[in-house]
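Asker: sequence and computational prediction follow.
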Amino acid sequence: MDIFTLAKERASEHRPINVGIIGAGKFASMFLNQVPHMAGLEVRAIADLSVERAKSACRVVGWTDDRISATEFLEDGAALAMHDAIDVVIEATGDPEAGLAHADTAITHGKHVVMVNVEADVLAGAALAKRAKSADVVYTMAYGDQPALVAELIDWARACGFSVIAAGKGTKYLPNYHSVTPDDVWTHYGLSSDAAAKAGMNPQMFNSFLDGTKSAIEMCAIANACGLEVPDDGLAFPPCGVDDLAHILRPHVVGGVLEKSGVAEVVSSLERDGRPVYRDLRWGVYVVFEAPNDYAQACFAQYGVKTDDSGRYAALYRPYHMIGLELGVSVYQAALKGTATGVTRAFRADTVAVAKRDLSAGELLDGEGGYTVWGKAIPAARSLASAALPIGLAKGVILQKPVRKGQIVSKADIRPSTESRALRIRQEAETFLGQ
């Protein structure tokens, strides 16, 4: 039975799925916009560091005063995660350490968790997924965000009997973007600082989209959920349009750019000289797959499937994603079917901190999208062997050694961190290496 039918049944029984949201930013706001139009689902509580900001977000998306009055607003995410009336917790803060704590609390108290916070998932999602399974609740990626949509494409390909060669998303990328800071980020988006500020756009968050960090985090999430790899020395971001996916995203040995099959990779919507790629995939996701035999290859040709020049490799793509507008799919799947829209299963890939410029001893690292470091996707085994500092733990820590531009920051380069809940969960996740 489909989820919409099940949702209507819950509505007819006056037994809605009760949802709590932690973090009232853009992703959550887009979901809040859809809530009045969704059957069998109610947002019972919203937690944000600013209750007034959360209420304002509800007003902006058109919630009535009655709906706002019927919703509980909290400042404490942990309190929402323990709330007796909540069935599903949506963690959307974007703070990896807070996200781990909130999700762990929710799981401990028998709540399903929809992890919008990909930063937290990449930092220690394998441990949270294990804890959720033991607690008989669902821990899931957020449908509408690229990792869950890519996981869906990968599952489709494998269920059809195809081998997955590559999967990922598109983005706007040039190599010099790794050095961009919040001070100059808006020039790359064609916005003025004033216009961005009036729109409520956070420069550090948007810089993480541009400097490669968010792409690295999302590809690591896909690798960890779907049993893929990431390139040995970081994402390549090859320029590629939708018509060339199967040609470019195939292994070196057959003429493509991949070092091996079965990798998560991002394609750029810009050529290296800055020209736009023809029919780019900037907002979309893709999977490249291989025919298992000559018969399937012939079927590709007979049914007009777009392939490489050999006819063996093919691609399927989705041109865009709608983030929070689609989030309800994850909520329904978790609450009504007890299933995830993508879930971390192992620790195969890690996003580590790389110096944006020459850094001196005594400097304070400011984490994702900031002035000091960007996030690079590397295999988890390499991360552990080199004691690399995860980007999710690279905020608010002080260097005790200088680090050159382009060098991965190691745990030995920073002053020892105090023991924390997030650090303990991360250490647990590391035990799932390569599984």
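Answerer: Ah, there it is.
Asker: which parts of the protein are strands?
Answerer: Secondary structure of the chain (DSSP state E): strands at 17-22, 41-47, 72-74, 88-91, 112-115, 139-141, 163-171, 263-268, 285-290, 313-318, 349-355, 364-366, 373-379, 395-398.
Asker: off-centre distance for the first one?
Answerer: This means strand 17-22. Put simply, strand 17-22 sits 20 Å off its chain's centre (CA atoms, centre = their mean, to the nearest Å).
Asker: so for that strand, mean pLDDT?
Answerer: Strand 17-22 carries an average pLDDT of 98.
Asker: quick one: low-confidence parts of the protein?
Answerer: Within the chain, the stretches with pLDDT under 70 are 1, 199-200.
Asker: burial count for residue 353?
Answerer: Using other CB atoms under 10 Å, residue 353 is surrounded by 30 other residues. From N, CA and C alone the C-beta is placed, and that goes for glycine too.
Asker: show me what contacts it?
Answerer: Applying CB atoms under 8 Å, 6 or more residues apart in numbering, we find residue 353 in contact with 365, 373, 374, 375, 376, 388, 389, 390, 391, 394, 408, 409.
Asker: is it in a bridge, and if so with what?
Answerer: residue 375 (DSSP bridges).
Asker: gap between it and residue 402?
Answerer: Per CB to CB, to the nearest Å, residue 353 is found 14 Å from residue 402.
Asker: can you pull the contacts of the spatially closest residue to residue 100 that is not a sequence neighbour?
Answerer: Nearest residue to residue 100, sequence neighbours excluded (CB to CB, 6 or more residues apart in numbering): residue 422, at 4.6 Å. Residue 422 is in contact with 96, 97, 100, 101, 123, 124, 392, 393, counting by CB under 8 Å, 6+ apart.
Asker: from residue 331, how far out is the fifth one?
Answerer: Taking CB to CB as the measure, residue 123 falls 23 Å from residue 331.
Asker: repeat that for the second one.
Answerer: From residue 97 across to residue 331, the span is 24 Å (CB to CB).
Asker: now do the third one
Answerer: The span separating residue 100 from residue 331 equals 20 Å under the rule CB to CB.
Asker: biggest helix in this structure, by residue count?
Answerer: Under DSSP state H, the helix in the chain containing the largest number of residues is helix 118-134.
Asker: other SSEs contacting that one?
Answerer: Counting contacts by 3 or more CB pairs under 8 Å, 6 or more residues apart in numbering; DSSP states H and E, helix 118-134 packs against helix 96-108, strand 112-115, strand 139-141, helix 213-226, strand 349-355, helix 421-429.
Asker: indicate which one of those is closest to residue 340.
Answerer: Taking CB to CB, strand 139-141 is the member of the helices and strands packed on helix 118-134 nearest to residue 340, at 3.5 Å.
Asker: show me the contact partners of that closest one.
Answerer: Residues outside strand 139-141 that contact it (CB under 8 Å, 6+ apart): 103, 107, 112-115, 118, 121, 125, 128-129, 131-133, 147-148, 151, 221, 225, 330, 333-334, 339-344.
Asker: and stretch 347-358, what's buried?
Answerer: Across stretch 347-358, burial judged by 16 or more other CB atoms under 10 Å covers 347, 348, 349, 350, 351, 352, 353, 354, 355, 356.
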